[in-house]
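Enquirer: sequence below, structure please.
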Amino acid sequence: MSSILLRFIFACLLLPYLWTAAGAQGVSFPDLGSAVPGHEDKTYLDLARMIIPDLAADKNGFYRGSRPVEMRHIEGSDSGGLPPETSGLSNAAALDIKAGGKDRLAMLFDLGSSSDSAEGFAVLALYDLAGKPRLLDVVNVAVDRSTSFSEPGKLPIGPSDDAIITLSTHFNSSQGYTSTPLILVRDDRFELIDMIYTFNENLCAYTRTQELAFQTVADGQPYAAIKATVTDATVPNGESCDDQAPKASSRDISLTYHWDRAAYVKDSDALDKLAAENANRF
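Expert: Predicted coordinates for the structure are as follows:
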């Protein structure tokens, strides 16, 4: 009897890690002309046309169309730029997720930027492929010039749910800027949990990197707690430079998001303070 109890306790302890293993399937990049699995009469182009109705292949196999349908920005109505006048795609990023115990397909279409905006426009779409494919929700998740799914693109937050992770970036000769939206899918709608900002530098005397990682811990709530950790590391390059290199260092900046009835709530402003520190280094 005691051995059965021990096995049960051990299994419970492994739950967060089992969710991670179950969510290991990564992002794919299907050609838009290929068939959607389980729907031989439907292609990924058909799914994309739910967002850009006139999207069509040109003679070179590139897909072009006009502006996408109206959509909100993941951060709210006051955020986001305009989409470009014309849309162009060679493929799209696809990610299978769980939401409310149901299989869903998330697709990301980076449309670039309009001529009067430095910020890009990237469409995150949610589909139900059980039966006739349906578009459930669509948002703009671009926060910077280039947008993609993170790696991994999803984070299991329970046996029946995944959070989605995208990232927006831009780079110059020595600096890299990354904005990472952490997104919940609830009632087949995208909801922003938080936006996390990190900043990398590669200078003559040293390299400073900020790596973001997530962990989940089951805590008896409908969605698991999410721990976000940024490892901020400085490594001297050993080069002879005008500026003296700082000493090698590394620190972890962490916070945890806990589900509180209707939303995730973070337990500190540690990453907001890091973003403010980074802004002073731009």
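Enquirer: so where's the protein shaky on pLDDT?
Expert: Counting by pLDDT under 70, the chain shows low-confidence ranges at 1-25, 114-118.
Enquirer: show me where it has its helices.
Expert: Remark: helices assigned in the chain by DSSP state H are 2-22, 44-48, 270-279.
Enquirer: show me which residues of the shortest one are buried.
Expert: Put plainly, it is helix 44-48. Within helix 44-48, the residues scored as buried using 16 or more other C-beta atoms under 10 Å are 44-45, 47-48. (Each C-beta comes from the backbone N, C-alpha and C, glycine too.)
Enquirer: which pair in these has the greatest spatial separation?
Expert: Across those, the longest distance by C-beta to C-beta is 7.2 Å; it joins Leu45 and Leu47.
Enquirer: what bridges to Ala35?
Expert: Applying DSSP bridges to Ala35 yields these beta-bridge partners: Thr43.
Enquirer: so it sits against Leu45, correct?
Expert: No. Contact criterion C-beta atoms under 8 Å: Ala35 and Leu45 do not qualify, at 10.0 Å.
Enquirer: shared neighbours of the two, anything?
Expert: When contacts are counted by C-beta atoms under 8 Å, 6 or more residues apart in numbering, the set common to Ala35 and Leu45 is empty.
Enquirer: so the most centrally placed residue in the chain versus Asp110, what's the distance?
Expert: For the chain, the residue nearest the mean C-alpha position is Thr166 (1.6 Å; C-alpha atoms, centre = their mean). The spacing between Thr166 and Asp110, counted by C-beta to C-beta, to the nearest Å, is 10 Å.
Enquirer: same question, Ala92
Expert: 9 Å.
Enquirer: how about Pro152?
Expert: For Pro152, the distance to Asp110 equals 18 Å [C-beta to C-beta].
Enquirer: look at those two and report which has more neighbours.
Expert: Taking neighbours as other C-beta atoms under 10 Å, Pro152 and Asp110 compare with Asp110 leading, 21 against 17.
Enquirer: contact partners for the more buried one?
Expert: By C-beta under 8 Å, 6+ apart, Asp110 lies in contact with 120-122, 142, 146-148.
Enquirer: between these, identify the one with the most neighbours.
Expert: Of these, with other C-beta under 10 Å as the count, Ala142 tops at 29 neighbours.
Enquirer: who's the residue nearest to Leu129 when sequence neighbours are not counted bridged to?
Expert: Excluding its sequence neighbours, the residue lying closest to Leu129 (C-beta to C-beta, 6 or more residues apart in numbering) is Leu105, at 5.6 Å. Applying DSSP bridges to Leu105 gives these bridge partners: Asp96, Tyr127.
Enquirer: and for Leu105, the neighbour number?
Expert: When neighbours are counted by other C-beta under 10 Å, Leu105 comes out with 19.
Enquirer: separation between it and Pro156?
Expert: Using C-beta to C-beta, we find Leu105 at a distance of 17 Å from Pro156.
Enquirer: any chance you could map the strands in the stretch 101-250 of the chain?
Expert: 102-110, 122-128, 134-140, 146-158, 161-171, 175-186, 189-202, 206-217, 225-236, 249-260 (DSSP state E, counting those that start in this stretch).
Enquirer: list the buried residues for the longest one?
Expert: Going by neighbour count (16+ other C-beta under 10 Å), the buried part of strand 189-202 is 190-200.
Enquirer: tabulate the strands of the stretch 101-250 of the chain in JSON lines, adding columns for distance to Ser66.
Expert: JSON lines is the format used below for the strands of the stretch 101-250 of the chain (distance: least, C-beta to C-beta, whole Å):
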{"stretch": "strand 102-110", "distance to Ser66": "14"}
{"stretch": "strand 122-128", "distance to Ser66": "14"}
{"stretch": "strand 134-140", "distance to Ser66": "16"}
{"stretch": "strand 146-158", "distance to Ser66": "20"}
{"stretch": "strand 161-171", "distance to Ser66": "23"}
{"stretch": "strand 175-186", "distance to Ser66": "26"}
{"stretch": "strand 189-202", "distance to Ser66": "24"}
{"stretch": "strand 206-217", "distance to Ser66": "35"}
{"stretch": "strand 225-236", "distance to Ser66": "38"}
{"stretch": "strand 249-260", "distance to Ser66": "38"}
